[in-house]
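S.K.: no FASTA, just this:
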């Protein structure tokens with residue numbers, strides 16, 4: 001029985017780490033999208049034409065000339081992707097927590113309590 005508890009603790013720790021990392025990742029992608037939106041808004045406010053907006057900064061190196069609109073699209077895709085991965089990982093962690101609470105040995109375990117906190121943070 002102790003081996004099963006050790007496996008459950010380990011899975012809680014792993015899944016908690018995944019949810020924590022994906023929460024951080026999604027926050028970073030949201031910040032990046034906000035920065036790209038500000039850049040795009042600045043281009044528009046400065047009177048940039050469609051070509052300037054679509055082709056990035058005119059003086060940029062050709063290899064670095066990534067379009068502002070494409071960068072916004074990419075940032076938004078990453079937000080959706082990370083939200084999907086976070087949702088899946090949070091669901092798996094939630095299931096582990098529910099199973100852990102059924103086990104009297106794990107019900108008050110430190111890893112289970114940490115996992116609950118991480119899941120709560122990811123939900124906000």
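M.R.: Received, thanks. All values reported here derive from a predicted model rather than from experimental measurement.
S.K.: show me the biggest helix of the chain in terms of residues.
M.R.: When the chain is parsed with DSSP state H, its longest helix is helix 2-45.
S.K.: elements contacting that one?
M.R.: helix 50-55, helix 68-102, helix 110-123 (3 or more CB pairs under 8 Å, 6 or more residues apart in numbering; DSSP states H and E). Glycine gets a C-beta too; all of them are placed from N, C-alpha and C.
S.K.: the bottom helix or strand of this structure by mean pLDDT?
M.R.: One helix or strand of the chain scores below all others by mean pLDDT, DSSP states H and E: helix 50-55, with a mean of 54.
S.K.: Which residue, other than its chain neighbours, is closest to the most centrally placed residue in the chain?
M.R.: Centroid-nearest residue in the chain, with CA atoms, centre = their mean: residue 26, separated by 2.4 Å. Distances taken as CB to CB, 6 or more residues apart in numbering place residue 82 nearest to residue 26, at 4.3 Å, with adjacent residues excluded.
S.K.: Could you report the neighbour count for that neighbour?
M.R.: 19 (other CB atoms under 10 Å).
S.K.: so it touches residue 25, yeah?
M.R.: Yes: Residue 82 lies in contact with residue 25 (CB atoms under 8 Å); the separation is 5.2 Å.
S.K.: Now list whatever residues contact both of those two.
M.R.: With contacts taken as CB atoms under 8 Å, 6 or more residues apart in numbering, residue 82 and residue 25 have no neighbour in common.
S.K.: Next, give phi and psi for residue 105.
M.R.: phi -70, psi -40 (degrees, to the nearest 10).
S.K.: Got the phi and psi for residue 108?
M.R.: Dihedral angles phi and psi of residue 108 (degrees, to the nearest 10) take the values phi -110, psi 20.
S.K.: Would you check how far apart it and residue 114 are?
M.R.: Distance, residue 108 to residue 114, using CB to CB, to the nearest Å: 12 Å.
S.K.: Between those two, tell me which one has more neighbours.
M.R.: It is residue 114, of residue 108 and residue 114, that has more neighbours when counted by other CB under 10 Å, with 14 against 9.
S.K.: Nearest spatial neighbour of the more buried one, chain-adjacent residues omitted?
M.R.: The shortest distance from residue 114 to any non-neighbouring residue, by CB to CB, 6+ apart, is to residue 16 (6.1 Å).
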